[in-house]
Each structure stands twice: as C-alpha cells, then as structure tokens.
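**Student:** Sequence first, predicted coordinates after that:
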Amino acid sequence: MLHDFTAIMQPIRVFDRVFQGHGKFIVEVLSKEIIKLGKQKVVAVVTDHAANMKNAWKKLAGDDDQQDPEKQYTGETFPWILFEGCKAHAIDLAAKDICAKTTISDCLKSCVEVAKFFR
C-alpha cells in the first residue's frame with residue numbers, strides 16, 4: 001500500500017513523500033510527519049479507508065481501545081486532529097465497482113457507441 005504526504009498551508013502546497021507500510025510503521029510515520037509539520041498547525045489527516053489506517057487514526061487520536069498492554073500505543077497522541085478517509089478515493093472505488101458490473105459496463109459501451117455515431 002503506497003501512501004503520500006501532502007501538506008497544504010496557505011499559500012503553499014508541499015508534496016512530502018510516498019511510503020509503503022502497515023501497522024506500527026504507519027503510526028510512527030504519521031506521528032513523525034505531524035511533528036515535522038508542526039503539530040500545532042495540523043488540524044486534519046486524510047488517508048485511505050484501509051483497516052490499518054483506521055487503527056492508526058485511533059492510536060494517534062488517543063482512542064486506542066487495545067486490551068493487550070503489549071499492543072497498546074504509548075507514543076504521542078493528537079486528540080485535536082481530525083482523522084478521515086479520502087472521500088474522492090472512496091467515490092473512485094465505488095465507481096469502479098459499479099462500472100465493473102456487466103449491465104452497467106454494457107450500458108456504458110452502448111453510450112460510447114451512440115456518442116461516436118453522432119460525432
């Protein structure tokens with residue numbers, strides 16, 4: 001799973017980096033990025049909706065309900081930050097799933113043929 005970091009600050013948009021990882025690594029990288037950007041400046045973090053990301057959100061927000069003490073996150077938390085899944089990514093995935101259905105796919109092909117006919 002690839003992830004990228006984009007810091008959006010007025011008037012500058014900064015692309016930071018792409019990484020691949022899961023679990024503790026995601027929590028560590030997100031935490032470092034928040035601190036590097038200046039934790040007082042970060043109000044939201046947007047990622048995909050994967051289960052490992054949702055788990056990282058909980059840990060970083062201080063909502064980790066992990067019962068096993070060895071698996072509990074003991075690092076810095078950021079309860080004021082809003083952790084959200086990317087809505088555009090969710091819509092893109094939903095559209096791909098819908099278009100993959102045979103009836104929808106056939107309908108789209110027919111629409112393309114009609115559009116080509118009238119060009």
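**Tutor:** On my side now, so go ahead.
**Student:** hey, let's count contacts and neighbours off CA atoms from now on
**Tutor:** Noted.
**Student:** Student question: in this structure, what's the helix or strand with minimum average pLDDT?
**Tutor:** Counting by mean pLDDT, DSSP states H and E, the chain has its least confident helix or strand at strand 12-20, which shows a mean of 54.
**Student:** Which elements pack onto the helix or strand just after that strand?
**Tutor:** As assigned by DSSP states H and E, the chain's next helix or strand after strand 12-20 is helix 24-37. Identification of packing neighbours for helix 24-37 by 3 or more CA pairs under 8 Å, 6 or more residues apart in numbering; DSSP states H and E yields helix 51-61.
**Student:** Buried residues of the helix it packs on, list them for me.
**Tutor:** Using 16 or more other CA atoms under 10 Å as the test for burial, helix 51-61 gives 53-61.
**Student:** Can you give the domain ranges for the chain?
**Tutor:** Domain segmentation of the chain under automatic domain parsing yields 2-85, 87-119.
**Student:** can you tell me which residues contact residue 46?
**Tutor:** 83-86 (CA atoms under 8 Å, 6 or more residues apart in numbering).
**Student:** I appreciate the help and will end here.
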